[in-house]
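> coords below, sequence missing:
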């Protein structure tokens, strides 16, 4: 009988063996949080959703892996114009990239539909960001690999760890569909599916999440019922105040002039071309819409024209943009409770 | 006389060695079986598939102590196997099963699991991120009644899984682990059990085909994640079809079993809404054996490989499963036999 027990133990020692050749990942020991820790939930292990750290790109005109209606997020820094497709970001959430000489982490949360880029140089040291697997109000929480600190995507700051309180340096992304982006920026580069991970990029990993207004995977602090939960709205932030701009009922391009906490902005929105974007303006600056020259959408009184990314060929400058990102209404409603809706 | 006993003892030791070598052989096979591994589901604690420890005589008690090791490392998208070997998920379940015959036809069974669940991922930086939970799981109670005992032997039962296991374990930061990593479900599950044996061989009633079905209706846990969400695991249907024989090997009774197990798992529900990345259909092949070491002691082992799997969306699917254990029969009649599916 002793032999039986011995063998039983041996068997389970054999099958219990795991590959310990890799050093273990440790969590930050810092127990201080800038947010209510009870609202932070485990969604996956750290790096269980793998970031793309060596992104590969394909010229826009050679892309054959995207449907016309696939959403992308685009950005221009210097002469580099790049697009990051949702069907790839749904699986990876973070792309550690470098464009226009700036080291960026392009982040996208498929559960809140929010995407924004921020600089990867923190405190003078370049790092990469990974997916911590944690969610705050159902929103992505990246971690920096230099200090293992936990960041909040939608709050745009570090909420736990050595970098606690540090604010991210942000770069807004334009969200539109692939057909429109290709028409606007045929010379751009597009993140391709050669990610070094085996995934079915034709498959959306969250079932009916995008369209089921009732469905949340993780709890949120508050739910604002003024709009359907999964309606995509543009949230614009200025001086710690937020407004949500609607666009899906606006036929053709429309210009909205507004002010958020003292900051003058103009918002251009167009359901037909599936975009909405906000720019900072001064009180004395007058701009008007430009028709039939897409992607140019604005011109000022000096005759300078600006495209949907805010770039002016005449001045070779880019219009300043307030912090903004597209996102599901439920997410804006919980992060910025009671925010004004501009329809 | 003593030589005879010694000889008998030596034979028994040889049989045990053969049995153990067989198990070690099976363990060896698993290392080469990754290519064959096609399927399986959302891990899970294998309580329902361990039901059916049947004492044959009234008043007898069977106590079984065993372990079940379920490994998931096959990443699947629908039926497609993805080329990703960076993930490993394992569920070790140490099961104590006690079965008591109230009458020759009716028995009750109690399963108490202790569960160690771990999940590891090799990260982009080459490091391994690992999570592990451990604790007593949900206790299962089952009562069955044999209502036909001729060429066809039929047995039906009902059971409950009680929320005795911890379902709100947290990591070192105080954050809740995901539901499928918790030892307990926090819900009361209902179980329906039915087994049919077809004894086609009149001269040997211990040679038969069997068909078992187990339906599990999962209950709701309204206190998941500290009460922030209501969670309900997917309902399950399992059908096991197989063949069991009994052979005499060096004067010891060995009962080999070959079977196929089909498992359908519904989607989990979060606040009543179906969750993505859960549920699917799975088919496993299983080889097992029970070795009667003495009228009191027996040992069993089994090895299971996936044959087919289809997961909803993308999930880590089981790659192999091993179970092993010993059973003690406590009976006035020391020749009480054991049925073990």
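Good, I have the coordinates. Everything numeric here is computed off the predicted structure, so don't read it as measured data.

> list the contacts of residue A:165.
By Cβ atoms under 8 Å, 6 or more residues apart in numbering or on different chains, residue A:165 lies in contact with A:34, A:157-158. Just so you know, the C-beta spots here come from the backbone N, C-alpha and C atoms, and that holds for glycine as well.

> how about residue B:64?
Neighbours of residue B:64 in contact, by Cβ under 8 Å, 6+ apart: B:53, B:95-99, B:300, B:325-328.

> burial of residue B:190, as a residue count?
Residues near residue B:190, counting by other Cβ atoms under 10 Å in any protein chain shown, number 14.

> give the helix, strand or coil label for it.
Residue B:190 falls in the strand class when you classify it by DSSP: H, G, I helix; E, B strand; the rest coil.

> so it bridges to which residues?
Bridge pairing for residue B:190 (DSSP bridges) gives the partners residue B:160, residue B:217.

> so it touches residue B:217, yeah?
Yes - shown here, residue B:190 and residue B:217 form a contact pair, counting by Cβ atoms under 8 Å, at 4.5 Å.

> contacts for stretch A:233-243, please.
For stretch A:233-243, contacts defined as Cβ under 8 Å, 6+ apart pick out A:114, A:227, A:244-247, A:258, A:260-263, A:265, A:267, A:269, A:276-278, A:322-329, A:332, A:335-336, A:339-342.

> what about it, average pLDDT?
Regarding stretch A:233-243, the rounded mean pLDDT is 96.

> run a quick neighbour tally on the closest residue to chain A within the stretch 101-250 of chain B.
When you check the stretch 101-250 of chain B against chain A by Cβ to the nearest Cβ, the closest residue turns out to be residue B:123, at 3.6 Å. Other residues within reach of residue B:123, judged by other Cβ under 10 Å, total 21.

> now residue A:59
Residue A:59 has 12 neighbouring residues, counting by other Cβ under 10 Å.

> state the distance from it to residue A:241.
Distance check for residue A:59 against residue A:241: by Cβ to Cβ, to the nearest Å, it reads 40 Å.

> now do the residue of the stretch 101-250 of chain B closest to chain A, the pLDDT please.
Listed pLDDT for residue B:123 reads 83.

> what do you get for residue A:2?
48.

> ok, back up a step: tell me which residues touch the residue of the stretch 101-250 of chain B closest to chain A, please.
Each residue near residue B:123 by Cβ under 8 Å, 6+ apart is listed here: A:25, A:46-47, A:50, A:130, B:129.

> same thing with residue B:193?
B:51-52, B:142, B:144, B:155-159, B:212-214 are the contacts of residue B:193 under Cβ under 8 Å, 6+ apart.

> could you flag which of those residues are buried?
Using 16 or more other Cβ atoms under 10 Å in any protein chain shown as the burial test, the contacts of residue B:193 include B:51-52, B:142, B:144, B:155-157, B:159, B:212-214 as buried.

> in strands only, show me those.
Within the buried ones among the contacts of residue B:193, residues falling in strands by DSSP state E are B:142, B:144, B:155-157, B:159, B:212-214.

> for the stretch 101-250 of chain B, list the residues in contact with chain A, please.
B:118-131, B:171-178, B:225-226, B:228-229 (Cβ under 8 Å from any Cβ of the partner chain).

> just those residues: which are in strands?
Using DSSP E, those in strands are B:118-122, B:128-131, B:229.

> nearest to chain B: which residue in the stretch 201-343 of chain A?
For the stretch 201-343 of chain A, Cβ to the nearest Cβ, closest residue to chain B: residue A:207, 3.5 Å.

> could you grab the helix/strand/coil label for that residue?
Assigned with three-state DSSP, residue A:207 falls in the coil class.

> residues touching it, list them.
Going by Cβ under 8 Å, 6+ apart, the list of residues near residue A:207 reads B:274-277, B:312-313.

> quick check: the farthest pair among the contacts of residue B:193?
By the measure Cβ to Cβ, B:158 and B:212 form the most distant pair in these, at 14.6 Å.

> is residue A:89 part of a helix or strand, or is it coil?
helix.

> neighbours of residue 160, how many?
Reading this off chain A. Residue A:160 has 27 neighbours, counted by other Cβ under 10 Å.

> was after chain B, sorry
Counted with other Cβ under 10 Å, residue B:160 comes out at 15.

> quick check, it in contact with residue B:216.
No - counting by Cβ under 8 Å, residue B:160 sits too far from residue B:216 to count as a contact (10.4 Å).

> and for these two, which residues touch both?
Overlap of the contact sets of residue B:160 and residue B:216 (by Cβ under 8 Å, 6+ apart) consists of B:189-191.

> what would those look like in a markdown table with distance to residue B:286 and pLDDT?
Output for these, formatted as a markdown table (distance: Cβ to Cβ, whole Å; pLDDT from 0 to 100):
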| residue | distance to residue B:286 | pLDDT |
| --- | --- | --- |
| B:189 | 23 | 96 |
| B:190 | 25 | 97 |
| B:191 | 20 | 95 |
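
> picking up where we left off before, restricted to buried residues, select the residues of the stretch 101-250 of chain B next to chain A in ChimeraX.
To isolate the buried members of these in ChimeraX, using 16+ other Cβ under 10 Å:
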select /B:118,119,120,121,122,123,124,127,128,129,130,131,173,175,176,177,178,225,228,229
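
> show me where the stretch 1-150 of chain B has helices.
With DSSP state H, counting those that start in this stretch, the ranges of helices along the stretch 1-150 of chain B come out as B:2-31.

> residue ranges with poor pLDDT in it?
For the stretch 1-150 of chain B, the stretches with pLDDT under 70 are B:1-50, B:52-57.

> swap the cut-off to 90 and go again
B:1-60, B:103-104, B:122-130, B:148-150 (pLDDT under 90).

> now chain A
Across chain A, the ranges flagged by pLDDT under 90 are A:1-31, A:44-46, A:123, A:248-252, A:291-292, A:316-317.
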